[in-house]
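Engineer: task: produce atomic coordinates for the following.
(chains A, B, C and D, ligands or ions: 4)
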2 protein chains.
Amino acid sequence: MDEHGACGPHDHAHDGPVAPGPARTADLVARAERLAQDRGLQFTALRRRTLEVVAEEGRPLGAYDIAERLSAPGKRVAAVSVYRALDFLTEHGLVHRIASRNAFVPCEHGHGAGESAVFLICRRCGSVDETISTEIERSLDRTLAQAGFKPASRIVEIEGECEACQGRHEASLPPD
Amino acid sequence: MDEHGACGPHDHAHDGPVAPGPARTADLVARAERLAQDRGLQFTALRRRTLEVVAEEGRPLGAYDIAERLSAPGKRVAAVSVYRALDFLTEHGLVHRIASRNAFVPCEHGHGAGESAVFLICRRCGSVDETISTEIERSLDRTLAQAGFKPASRIVEIEGECEACQGRHEASLPPD
DNA sequence: CCCTGGCTGTTACAGTGTAACGATCTCTGT
DNA sequence: ACAGAGATCGTTACACTGTAACAGCCAGGG
Ligand SMILES: [Zn+2]
Ligand SMILES: [Zn+2]
Ligand SMILES: [Zn+2]
Ligand SMILES: [Zn+2]
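Structural biologist: Ligands and ions are numbered 1, 2, ... in the order given. Predicted structure coming up:
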């Protein structure tokens, strides 16, 4: 069974690895509200706005970038507040931290705490695609069990060139 | 063929994931000299001393830690120099950067540029074990090919508890 | 009402990494 | 040997990332 449903991950070209924008944002916010309701957590305004900012952007954002976007003239949001909001959001699987970039992306799946993701980071356009592969996970589990290692968290980040950008080799555009 | 030779990765308990110290250091330095010879590179004194410092330590070292160890009273080595040496060493596979720790470890394998490693990072003792799994790599390759993603570099870091530390649960080691 | 616990604002600071410039060294062709 | 090119290194300065500590705020329960 394909995790992506009927549409294979490359049957047709997505113009970005994942659609950013309002649709995905509303989806994530709804998920956050449900989650807060269930677990008795506080999905505060700052946390919601932080999640929205991360979700709107189509690429990983640094904490200071987020702080800047959250700030209005006369109402500055300090980075430390953003870090705290991000701690909350990552802890509950609403955003992910990209260790190799010191940046954050919205979660593109409803995966449980046990499932870990593979991040495909494009050098050219800077986009990040989050995919889940049970095959990779089982390979990892096998290797870990063999080494007697008890895993707590996993980081799998691949840097390279996304499908969309491979067609633009001769075009000398830095789309950034 | 097992990458570890006749000894499986867990047949007997290593007291640390990998033996640090002079033996491994000399091994790595020899490898570096061979490599520099072959590719016409400059294995300078700073690069060699940096490699030695990283190899001697049994755990990941930050760039500033390395700079401190390289500094002598009256002869200070700046962190930026260490970063440049580390760039060289990582570029040629002599040391690896642990993205989730902002730290560096010596390479424990003679793996070629294509082979990527899996790092097992122990929360308790801070040790890092580098292992190679062709199974994981093929799973990854399959997923990447399916997504039309052309990989350039891979990061796989698992944080958890190493085998040695799992036996010390009741021992009163501070969990952090 | 007051107390408690969680969230936020603010400041200060430690840690990580790079840009820029000049000096020095190495290799190479003359 | 000499000059030039390119890589390496020292130095300074700076940007970016992340956390500690403390104070104010706010909701919920006695
Ligand atoms: Zn996710
Ligand atoms: Zn791309
Ligand atoms: Zn290695
Ligand atoms: Zn351990």
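Engineer: residue contacts, A:L28?
Structural biologist: A:L28 is in contact with A:51, A:55, A:94, A:106-107, counting by C-beta atoms under 8 Å, 6 or more residues apart in numbering or on different chains. Any C-beta I mention is one placed from the backbone N, CA and C, and that applies to glycine too.
Engineer: what's the neighbour count on the nearest residue to A:E115 once chain neighbours are set aside?
Structural biologist: Once flanking residues are discounted, A:E115 sits nearest to A:I132: 5.8 Å by C-beta to C-beta, 6 or more residues apart in numbering or on different chains. Applying the criterion other C-beta atoms under 10 Å in any protein chain shown, we find 17 residues in the vicinity of A:I132.
Engineer: my guess is A:I132 meets A:H109, correct?
Structural biologist: Yes: using C-beta atoms under 8 Å, A:I132 makes contact with A:H109 at a distance of 5.9 Å.
Engineer: apart from its chain neighbours, what residue comes closest to the residue in chain A that ligand 4 sits nearest to?
Structural biologist: Closest to ligand 4 within chain A is A:F149: 9.0 Å, counting by C-beta to the ion. Of all residues not flanking A:F149 in the chain, B:L120 sits nearest, at 4.8 Å (C-beta to C-beta, 6+ apart).
Engineer: what about that neighbour, which helix or strand?
Structural biologist: Of the helices and strands defined by DSSP states H and E, B:L120 is found in strand B:118-122.
Engineer: wait, does that strand make contact with ligand 3?
Structural biologist: No: figure legend: strand B:118-122 not in contact with ligand 3 (C-beta under 5 Å from the ion); closest approach 9.1 Å.
Engineer: strand partners (parallel or antiparallel) of that strand?
Structural biologist: strand B:128-131 (antiparallel), strand B:150-161 (parallel) (DSSP bridges).
Engineer: pick the most buried one from these.
Structural biologist: The highest average neighbour count among the strands paired with strand B:118-122, using mean count of other C-beta atoms under 10 Å in any protein chain shown, belongs to strand B:128-131 at a mean of 22.
Engineer: contacts for that one, please.
Structural biologist: A:143, A:147, A:149, B:3, B:9, B:17-18, B:59-60, B:96, B:98, B:105, B:107-109, B:117-122, B:162.
Engineer: buried subset of those as a ChimeraX selection?
Structural biologist: Buried residues among these (16 or more other C-beta atoms under 10 Å in any protein chain shown), as a ChimeraX selection:
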select /A:143,147,149 /B:9,17,59,60,96,98,105,107,108,117,118,119,120,121,122,162
